[in-house]
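Q: Quick check, what structure comes out for this input:
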Amino acid sequence: IKDEIEIEIIFPNNNERVNFIFEGVYWVKMNLNFGIIADESILQAHLLKKDDKDLINLCSLWKGNVSSVELNVYEILLNSTGGKIKMLTLESFEEAAEIVKQVTQETKLVKSSYFSELTGNKVFFKPENMQRTGAYKVRGAYYKISTLSDEERGKGLITASAGNHAQGVAYAAHKYGVKAVIVMPTTTPLIKVERTKGYGAEVILHGDVYDEACAYALELAEEKGYTFIHPFDDPAVATGQGTIAMEIIQELPLVDYILVPIGGGGLATGVSTLAKLLNPHIKVIGVEPSGAACMKASLEKGEVVTLPHVNTIADGTAVQTPGEHIFPYLQENLDDVITVEDDELIVSFLDMVENHKMIVENSGLLTVAALKHLNVKGKKVVSVLSGGNMDVITMASVVQLGLIQRDRIFTISVLLPDRPGELTKVSQKIAEQQGNIIKLDHNQFYSTNRNAAVELKITMEAFGTEHKQQIMQELEKDGYRPKLIRTNL
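A: Residues are numbered from 1 along each chain as shown. The predicted structure follows:
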């Protein structure tokens, strides 16, 4: 179809008719955002008749030829000023990219020689942990709030968040001079709670996970009349988050893979949708913690799935149910989902601190850990580091666990006769092998016969697994028969 075409859609619930017009289109399919593929360029569908409501049910699944359009109903947000289908289109992404510049810092790609050598790919990081609020979430929050009317903003804003979206909404509300109420799970790290308060928001702690906090926030919105800003299940929020993809592609036009963390799916929706609009050959891979893989379960089943429970140290992605409204976009545009174990996040934190001098929170580390899961070589890969809001107590714990996992700290138990000088002999042997003792526990009550044996637990530093084995072998040669035990620092 080369000429202008007008399509009339009749809604079965009220027999209302809405017309759409497409100009110069070679018809392939009608996407959810009504972007039409025409010789690799994207044309927009314009609404000729404006509905009275902000949301109308539109039909978006095409089968057969144009004269037999079959309907699949989705909610698509309309632009109240022009009646145009707005969100998750090239036009809206371009608009969002300009608007979010008012509150974001430039986060240029960082090439990682360490991970490039480790994986055989050209690895780059998109350091959203360097944003003013410590995470990418300010993009979607600010853009969403910019689309609200003065009346909607004036009612006050409310949201639920495990921390990063909370800070984004609080900061955006502060910039607009309006009230913000944030409901956060009781498990939220203290640093995220305090920083959210620091932007002037009222913080309410409720529930153990995000989903419980969100349910309570919706209750308060209904009760108090606040305008609810969903952290991910909103096309406008996802459009704001998708501006990350525009910056990546502008800086690295030939990018092959983009890795994005997934909690509820807002970031993955925006990034994958825009990436596919700009270059369908780019692969966008979502990454979830194994203990909260709600998106993987949903995609495999073909519908939104609620997990019975979640268990992960990646608190920012501990979501039981992905976004219902954005889910069709992910089905269309997300190429795959990788899941990683919490233990992988721990060593990834250590890698980022030691090799890049960066603090990245556990959810942001998902895309770092996933680099080792990509079964490709020689590709240009960008990992989105979604945030860096981690409290120092968690940092200390993660560093210790990482050192233990890497065999750079380990503990042994040896049995010694209870005689003067025995402790010195063991210490000297360890010193000769360049081991560094950091903790000793001398238990004289290991046996009723102290002359036969007392137990000495030694915690020490090593350079890694090979060095650890070397120390153990040398102690074995001297007859100490060292036994590896659990390290407790």
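
Q: residues of stretch 463-480 that come out buried?
A: Neighbour-count burial for stretch 463-480 flags His467, Lys468, Ile471, Met472, Glu474, Leu475, Tyr480 (criterion: 16 or more other C-beta atoms under 10 Å). Where you see a C-beta, it was placed from the backbone N, CA and C, and this is true even at glycine.

Q: where's the second one relative to Val398, distance?
A: If I follow you right, that is Lys468. For Lys468, the distance to Val398 (C-beta to C-beta, to the nearest Å) stands at 20 Å.

Q: Ok, Ala292 next?
A: Counting by C-beta to C-beta, the separation of Ala292 from Val398 is 18 Å.

Q: neighbour-wise, which of the two wins?
A: Neighbours of Ala292 and Val398, each counted by other C-beta atoms under 10 Å, are more numerous for Ala292; the result is 25 against 22.

Q: For that one, give me its contacts.
A: Contacts were defined as C-beta atoms under 8 Å, 6 or more residues apart in numbering; by that measure Ala292 touches Gly263, Leu307, Val310, Asn311, Thr312, Ala314, Thr317, Ala318, Val319, Gln320.

Q: Please repeat the previous calculation with a cut-off of 10 Å.
A: When the contact criterion is C-beta atoms under 10 Å, 6 or more residues apart in numbering, the partners of Ala292 are 209-210, 262-263, 307, 309-312, 314-315, 317-320, 339, 363.

Q: Of these, which belong to strands?
A: Secondary structure assignment (DSSP state E) places Thr339 from those within strands.

Q: If any of the contacts of Ala292 are buried, put those into a ChimeraX selection.
A: A single ChimeraX command suffices to select whichever of the contacts of Ala292 are buried according to 16+ other C-beta under 10 Å:
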select :209,210,262,263,307,310,312,314,315,317,318,319,320,339,363
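
Q: centroid residue for this protein?
A: If you average the C-alpha coordinates of the chain and look for the closest C-alpha using C-alpha atoms, centre = their mean, you land on Pro261, 3.0 Å from that point.

Q: ok so, going back, show me which of the buried residues of stretch 463-480 is closest to Lys224.
A: For these, the residue nearest Lys224 by C-beta to C-beta is Lys468; the value is 58.2 Å.

Q: Help me confirm that the closest one is found in a helix?
A: Yes. The assignment for Lys468 by DSSP: H, G, I helix; E, B strand; the rest coil puts it in a helix.

Q: Make sure it is actually in contact with Asp407.
A: Yes. In terms of C-beta atoms under 10 Å, Lys468 counts as a neighbour of Asp407; the distance is 4.6 Å.

Q: Out of the helices and strands in this protein, which is least certain?
A: Of all the helices and strands that make up the chain, strand 41-44 has the lowest average by mean pLDDT, DSSP states H and E, namely a mean of 28.

Q: Break down the stretch 201-350 of the chain into its helices, ranges please.
A: Along the stretch 201-350 of the chain, the segments classed as helices by DSSP state H, counting those that start in this stretch run 210-224, 235-241, 243-251, 266-278, 294-301, 327-333, 342-356.

Q: comparing those helices, which gets the lowest mean pLDDT score?
A: Sorting these by mean pLDDT places helix 210-224 lowest, at a mean of 93.

Q: buried residues in it?
A: Across helix 210-224, burial judged by 16+ other C-beta under 10 Å covers Tyr210, Asp211, Glu212, Ala213, Cys214, Ala217, Leu218, Leu220, Ala221.

Q: what does stretch 375-382 give?
A: Neighbour-count burial for stretch 375-382, with 16+ other C-beta under 10 Å as criterion, is recorded at Lys379, Lys380, Val381, Val382.

Q: tell me which residues form a beta bridge with the second one?
A: When assigned by DSSP bridges, Lys380 has beta-bridge partners Lys122.

Q: residue contacts, it?
A: When contacts are taken as C-beta under 10 Å, 6+ apart, Lys380 is in contact with 116, 121-124, 252-258, 282.

Q: Repeat the analysis, applying 6 Å as the threshold.
A: Taking C-beta atoms under 6 Å, 6 or more residues apart in numbering as the contact definition, Lys380 lies against Lys122, Val255, Asp256.

Q: Check the third one too.
A: Contact criterion C-beta under 6 Å, 6+ apart gives Asn121, Val123, Tyr257 as the residues in contact with Val381.

Q: what's the closest of the residues you listed to Thr89?
A: Using C-beta to C-beta, Tyr257 is the member of these that lies nearest Thr89, at 24.0 Å.

Q: Excluding residues flanking it in the chain, which one is nearest the closest one?
A: Closest residue to Tyr257 apart from its sequence neighbours, by C-beta to C-beta, 6 or more residues apart in numbering: Val381 at 4.4 Å.

Q: Could you check how far that neighbour is from Leu254?
A: Val381 sits 12 Å away from Leu254, taking C-beta to C-beta as the criterion.
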